[in-house]
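S.K.: Okay, here's the prediction I keep looking at, along with the sequence it came from:
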Amino acid sequence: MKRTIPILITFITGGIIVLAEFIPPWAILREHVLIYFQIIAVFAFFLGGGSLLKINCQKVVRKREDWQFAIVTLVGFFIMLALGLFKMGNPEMVDLGFAADLNASGSWFKNVFDAVKAPLSASMYSLLAFFIASASYRAFRAKNSDATVLLVSAFIILLGQTFVGVVSTGWMPEWMSFFKVENLSLWLLAKANLAGQRAILIGIALGIISMSLRVILGIERTHLSGGDE
Amino acid sequence: MLLAVTQGLGPVFSWFFWITFAAGLGWLLWMSITGREVERRIIFLFMGLTVSGAVLAGIILPVQETTVVRNVFDTIEGLSEGDRVLLSLDYDPSGAPELEPMAKAVSQHCFEKKLKICYMTLWGTGGAMITDVIALAKVDFPDLVYGDDYCNVGYRAGNEAVLRVIASDFRKTFPTDVSGTSLDSLSVMNGILNCADFKYIVAIGSGRPGIKEWVEYVVEPSGALMGSGAAAVSAPQLYPYYPQQMNGMMGGSKGASEYEKMLRRVYPKFKSSRAQATEIMGPQTVAHVFLMLLIVFANISYFLAKKRKGASA
Amino acid sequence: MSQPNQNSPFCKIFPTLLSALFLFTILASSPKTLFAQDAETSVIDSTLENLVPIPARPANVKAKDHVYDIGEKVDVSWELSPDDTTGLRNVVGYIISRRLDTASDFDSVGAVFSRIASLTDIGLTKGESYQYAVTAYTSAGAVSETSVSNSVTTEQEWFDGDKFWQVLLLVIIAGSVAYFIYHAKKGKPMFLRKIAGLQAVEEAIGRATEMGRPILFIPGIHDMDDVQTIAGMTILAKVAKQVAEYESRIFVPTRASLAMTAARETVREAYMTAGRIDAYRSDDIYYVTDEQFGYVAAVNGIMTRDKPATCFYLGAFFAESLILAETGNSIGAIQIAGTAMPAQLPFFVAACDYTLIGEELFAASAYLSEDPKQMGSLKGQDVGKVVAMAAILIGAVLATLGSEEGMNIETFNSAFHAFWGVFGGGE
């Protein structure tokens, strides 16, 4: 029972979503299924939030290692929750009440978002610059022929992205224009890269079809609850 | 060439910057030749110095225009007063440095052409991005009237499902704007029933749901005309859709800086407005050059090590 | 397609709002006279007629039920007015209006540019009968007489005939997968290409156990509605089972609440199967945050503090792929990654020890399960690959010989277009 019902639900909803693509009147059913997912995901959010609170509260209460940081998490959680729920300082609150835009300029939510969340998020993203440097220093070495192809193409594309590259081959006459770095780099992206991407994508699409069939038919059921029968 | 690169530098800082940079590179090269591995933290330090140095120096490099970006510009340039444009900002603060300049430049262009913009987003965090872009655009157009010149329908949860619905019926998902005002009372949305009713859609995004989903769920079924702005990382994956499903694309800061250049070329009044992407391009180029040097050094080190091994064997 | 051909200028509905504005004013002021069915030419009196020449009306207005819909669309077509974009009575567009058969007044439903002779009206009710009226208007604002269409009843179709070829392809591919699933002969060993990343799983877990350090498992950053996350979960089941057997410890921080719930179930079940349910700790599988880079920061923190000996990244990833993998690399962890996000594959390949590329991620669960049915599905997938390869080959040859950009040989041209119709999703 514990597995039959989930498999049945998977089979029915999966079937509806696939068939609705070809049966016009079912399109509305598919929409409903998608909306149900959103609703269920909202409930799961309570579970997620609950787990977050539980783990961090435990950390603080039991004074586990680095418990001070858990306080920061908890305080941040409740502050944002309050600012968002009650739309504090929102200039539109006067006219619109709770329908006011969460991100209206001047609202405290937006201010905290701009002052804390935006810069933190952007700095995490910018770490990529450092990691790309260390990764390419380590990985782009002409160890064998495959790696050499990778190295050369990476180099051309990097060059093509920069002003330096454009200048370095700017002297080439018109009939050689294909070999200008910016054109070579575009060719690599739009032809060589694309062909490879498409091959991978076709494989992925087939993989998804096969995986989805296994899930819909209930052959693959570890995600419902692990292990074999 | 060096002169061109350093034109934005103050003289003292410029010299200091280049001498330190060159000395550092020399040290790295020496490390490579002597076959010593450079620790990652040192590479991080170099990267940090390179980028922050270039930012502080305010290096501005010339930008070359490309067709794929010009197509977006020309499409907007070809629209006539009063035409409606849908601008979807599907990114969050982490994508903003790359994508906000695009959104700003496109907004400035539309407002200059007296086009009407409807802003929306598929990302929960996109609402704040819309507010920012509108504020930036208003610097040059302080007299814009909400509801008549632009509107903001904000965010609706549901990712692809949202797109599926608005492709055929915009008001089903967005019956009201972000503050709960009915779309029927906004003149911007007058007569807009679905996405194809917008003269042009510009989807600016950095992930999922984003440009790919716009193509799949809106452009394909409804035949709407779309251009896009993508983060540099995701741009290569989007080339398959150009030019059939989207007539143009701005890729990363480079695409944004090209758009800024075109805008300033056609409308010199924007020359006083800050060209964020063009400012980013300088440091980005320097970082690219540094990256290329790193790869070269790494290979020198690798080959010399192999040679030594071969000699000792 | 719910709208006409996207190349037709038709997709620019309502474009001439400005010039039409004038017209709407007239429409609003005298709707009855404009849409009178018997040609009351005295509609616009002679003085106005002298000022603005009245264009000839569009002829032969036809209304047809739109095919393959749920009875909510009607295709309206007409013959262009003889004055379309020419002469003194230069027609610049058409106004289309509609009424229920039983109603007396027409309501405007849209306007199109000149040279356009069709429109698809949407948002109708199934089973109702409608009539359409089309009027031409000039740049000066003069309006022609109205032509009225036949009456049309909207119908709903149960199959989208435009997608016939898609259905056929789906049936072939899905059918062969299903066929091989059910005909996978038990006991008969099937050849499977070795996937290095999966063979390394056991060794990687063993190493972590020896070192007395935990294992980190990231099922991607998408929710359970992404099949990549499901694929990640199925691998998690095998990994967790082994972790339980080796008495090691596994951490699964997730970015989606639903993924957390699924991961807990999966790991609990795996511990149960391994007979070590007492060692299962639900708090090791927890939700962190939906915010992408907040999540990355948290995972990086776990890595640098707990120094896991093995990191798995199996699921959907975006820009964080390299940030995670490089941090993992810096703590010397063995890293096994797998994703179907092509953009992130290069990053994982550069920074991880093993990478499952695209379809390998989906094949992994079948591979690890050693269940003949599941392995059969992989064989079915190969049929799809053969179809894809054949289509690419034939398409390339036909395009070279037949397309307008290629050699444009007549015989191949039609074959190319027919082929494009099947695989290219219509003309």
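M.R.: Sure, I can see it.
S.K.: Enumerate every residue touching the residue of chain A found nearest chain C.
M.R.: Per C-beta to the nearest C-beta, the residue of chain A with the smallest distance to chain C is residue A:48, at 2.7 Å. Every C-beta, even on glycine, is put in place using the N, C-alpha and C of the backbone. Contacts of residue A:48 were listed using C-beta atoms under 8 Å, 6 or more residues apart in numbering or on different chains, and they are C:254, C:256, C:257, C:258, C:260, C:287.
S.K.: Where do the domain boundaries of chain B fall?
M.R.: Per automatic domain parsing, the structural domains of chain B span B:2-59+B:278-312, B:67-272.
S.K.: Dump those to TSV, plus mean pLDDT, distance to chain A and mean neighbour count.
M.R.: Output for these, formatted as TSV (pLDDT from 0 to 100; distance: least, C-beta to the nearest C-beta, whole Å; neighbours: other C-beta atoms under 10 Å in any protein chain shown):
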stretch	mean pLDDT	distance to chain A	mean neighbour count
domain B:2-59+B:278-312	80	4	16
domain B:67-272	89	4	21
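S.K.: Quick check: what element follows the helix or strand encompassing residue C:399 along the chain?
M.R.: Secondary structure from DSSP states H and E places residue C:399 in helix C:372-402. Next in sequence after helix C:372-402, counting helices and strands by DSSP H and E, comes helix C:410-423.
S.K.: Which strands or helices does that next one pack on?
M.R.: With contacts taken as 3 or more C-beta pairs under 8 Å, 6 or more residues apart in numbering or on different chains; DSSP states H and E, helix C:410-423 sits against helix C:164-182, helix C:372-402.
S.K.: For that helix, report the contacting residues that lie outside it.
M.R.: C:165, C:391, C:394, C:395, C:398, C:399, C:401, C:402, C:403, C:404, C:427.
S.K.: which of those are buried?
M.R.: For the contacts of helix C:410-423, a burial check counting by 16 or more other C-beta atoms under 10 Å in any protein chain shown picks out C:395, C:398, C:399, C:401, C:402, C:403.
S.K.: tell me the pLDDT at the second one?
M.R.: If I follow you right, that is residue C:398. The model reports residue C:398 with a pLDDT of 90.
S.K.: Excluding chain neighbours, what is closest to it?
M.R.: residue C:416 (4.2 Å; C-beta to C-beta, 6 or more residues apart in numbering or on different chains).
S.K.: Let me know the helix or strand that the nearest residue to residue C:322 once chain neighbours are set aside is in.
M.R.: Leaving out its chain neighbours, the residue that sits closest to residue C:322 by C-beta to C-beta, 6+ apart is residue C:347, at 3.9 Å. Using DSSP H and E, the element containing residue C:347 is helix C:345-351.
S.K.: Mind checking if stretch C:191-199 is in reach of chain A?
M.R.: No - residues of stretch C:191-199 contacting chain A under C-beta under 8 Å from any C-beta of the partner chain: none, with a closest distance of 12.4 Å.
S.K.: Endpoints of that stretch, how far apart?
M.R.: This stretch, stretch C:191-199, spans 15 Å end to end (C-alpha to C-alpha, to the nearest Å).
S.K.: How about residues contacting it?
M.R.: Contact with stretch C:191-199 is made by C:336-338, C:354-356, C:360, C:363-364, C:367-368, C:375, C:378, as judged by C-beta under 8 Å, 6+ apart.
S.K.: Enumerate every residue touching residue 140.
M.R.: I'll assume chain A. Residue A:140 neighbours (C-beta under 8 Å, 6+ apart): A:147, A:150, A:151, A:154, B:295, B:298, B:299, C:350.
S.K.: wait, I meant chain B there
M.R.: Per C-beta under 8 Å, 6+ apart, neighbours of residue B:140: B:108, B:111, B:269, B:270, B:273.
S.K.: quick one: which of the residues you listed sit in strands?
M.R.: Here DSSP state E is the test, and the contacts of residue B:140 give no hits in strands at all.
S.K.: can I get these in TSV with distance to residue B:251?
M.R.: Formatted as TSV, those follow (distance: C-beta to C-beta, whole Å):
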residue	distance to residue B:251
B:108	20
B:111	24
B:269	26
B:270	21
B:273	22
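S.K.: If anything else comes up later, I'll come back, but that's it for now.
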